[in-house]
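Peer 1: Predicted model and sequence follow; I will ask about them next.
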Amino acid sequence: MNQINRVLVFSDNRDTKSIYQSYANMTDSTIFFKDKNKLSLQTLMEQTYDLYIIEIMQPVMSEIEFVDQVYAIVKPHPIVVISSYFYDTKDIVFGEKVHDFILKPFDLDKLLDACKSKDEPAAEHIQEFEQVVAKKVDKVLYESKKLSVLLEISKSLNSITDFDELLHTIIVLAADALNAERATLFLLDRKKKQLWSRSGIGIEKQEIRIPMDTGIAGEVVLSGVAQIIDDPYANPKFNRDVDIKTGFKTRNMLCLPMHNIEGTTLGVFQILNKKDSNFSNEDLQFLGAMAVNTGIAIENAMLHDEMKKQLQEVKQSYDELYIAQKQILKEARFVTFSEVGGYIEHIMKESTVISENLKELKKQYAFDVQIKKTVEKVQESFISFTTKITAFLDEKKSEYYK
């Protein structure tokens, strides 16, 4: 790789921006940032850069295709891919199109190491490689890339235990993978005989519940047969109410049942409006493969969610038991204290006799200085003792009545 002066970074990730700036400071290069879209691809024909860095944020085919499109424009300039996905299958997915692959999490040292100078491929080698690539861009290679996407989707889904986060991730990945405008995942509630959803792309986040035999989604759940519909408005089962309320126009639709590992129906995928064409049998097969991993992930998340709820219930019961136990103990202590206090008060009442006797003794021996002093000390000690006992009882009573 020749001297790097100008670096173009395709990234929507703000968290890594400081790493690129540090790289620019250390290498005395200039960093440019662009979003991953068609407009950015068009500008590549107008400007050239010494290095292209692409951050892949989702395990979807569109990310792979974006790398292919950049390569087609900027070759033979080096491309560095940074991602948490496709590392195990990078040779199949990217071949020799990328100069290096950095597995996230990445830092400045990894970036510096990936961008070290290397000899650029000779023109003969580039031409030879392009011929090989041209021969490999066939159905087998494309299927390999799709399998890689499914592998990354599976790893991503199985790492999520929060149920709502999992549902949102599933519909985002499904819509992105099939290049669709909207996606919803309806789950089957057998007890209530309803289909329900808590999230979806293009609709406000809320829980939606419909009878399990309603609309195309209901028909797919009951029949277990997927449907590709190019003109939903011509289908008598299609429910237009959602389109009317939201102003959304459904042009085409792919509905597919989702099962668990035992084959039990868990719900239905509903993917709407493929952006560039109608849905195909290839889309159906891909979503079917994705639905297998999705069903397993959802059951695991539901089990985790149920266990979490049970733990919360146990904790709440424990807290209530602890409070009740503490109250019972407090009341028991209060009863015991009251009994002891009453006994002490009884003794103190009887002790007035002692006080009267001391006063009488003091009168009888008023002229005996020694006896008089002794009696006065006893009286002082007695008064101090009774005062402390009374103060102690008053303090404890106030504590227990709080």
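Peer 2: Yep, that arrived.

Peer 1: Quick one: neighbours of Pro218, just the number.
Peer 2: Wrong residue type there; residue 218 is Gly, not Pro. In terms of burial, Gly218 registers 21 neighbours under the definition other C-beta atoms under 10 Å. Just so you know, the C-beta spots here come from the backbone N, C-alpha and C atoms, and that holds for glycine as well.

Peer 1: Make residue 1 into 72 and carry on from there
Peer 2: Fine by me, first position is 72 from now on; the one you just mentioned is Gly289.

Peer 1: can you pull the pLDDT of it?
Peer 2: If you check Gly289, the pLDDT there is 89.

Peer 1: Quick one: classify it as helix, strand or coil.
Peer 2: Reduced to three states with DSSP: H, G, I helix; E, B strand; the rest coil, the structure at Gly289 is helix.

Peer 1: just checking, Tyr91 is part of a helix?
Peer 2: Yes - the assignment for Tyr91 (three-state DSSP) places it in a helix.

Peer 1: Hmm, it is touching Phe103, no?
Peer 2: No - under the criterion of C-beta atoms under 8 Å, Tyr91 lies out of contact with Phe103, with a separation of 9.8 Å.

Peer 1: more neighbours, the two?
Peer 2: Neighbour totals were compared for Tyr91 and Phe103, and Tyr91 leads with 20 against 14 (other C-beta under 10 Å).

Peer 1: For the more buried one, which residues are in contact?
Peer 2: Applying C-beta atoms under 8 Å, 6 or more residues apart in numbering, we find Tyr91 in contact with Val78, Val80, Ile102, Phe104, Ile124, Leu182.

Peer 1: now it: how far from Leu122?
Peer 2: Using C-beta to C-beta, to the nearest Å, one obtains 11 Å as the distance from Tyr91 to Leu122.

Peer 1: Show me the common contact partners of those two, please.
Peer 2: Common neighbours of Tyr91 and Leu122 are listed as Val78 (criterion: C-beta under 8 Å, 6+ apart).

Peer 1: who touches both of Tyr91 and Phe103?
Peer 2: With contacts defined as C-beta under 8 Å, 6+ apart, the residues shared by Tyr91 and Phe103 are Val78, Val80.

Peer 1: where in the stretch 72-221 of the chain is pLDDT low?
Peer 2: For the stretch 72-221 of the chain, the stretches with pLDDT under 70 are 72-73, 188-221.

Peer 1: I'd like to know which of the contacts of Tyr91 are part of strands.
Peer 2: Of the positions in those, Val78, Val80, Ile102, Phe104, Ile124 sit in strands, assigned by DSSP state E.

Peer 1: quick check, Arg322 in a helix?
Peer 2: No - assessed by three-state DSSP, Arg322 does not belong to a helix; its assignment is coil.

Peer 1: Can you tell me which of the contacts of Tyr91 is nearest Gly366?
Peer 2: Nearest to Gly366 among those: Ile124, at 36.5 Å, using C-beta to C-beta.

Peer 1: and Lys168, backbone torsions?
Peer 2: The phi/psi pair for Lys168 (degrees, to the nearest 10) reads phi -70, psi -30.

Peer 1: So it versus Pro149, what's the distance?
Peer 2: As it turns out, when the distance is counted by C-beta to C-beta, Lys168 lies 10 Å from Pro149.

Peer 1: again, but for Pro282
Peer 2: 57 Å.

Peer 1: And these two? Which one has more around it.
Peer 2: Shown here are Pro282 and Pro149; by other C-beta under 10 Å, Pro149 has more neighbours (22 against 11).

Peer 1: Setting aside sequence-adjacent positions, which residue approaches the more buried one most closely?
Peer 2: Excluding the flanking residues, the one nearest Pro149 by C-beta to C-beta, 6 or more residues apart in numbering is His170, at 3.6 Å.
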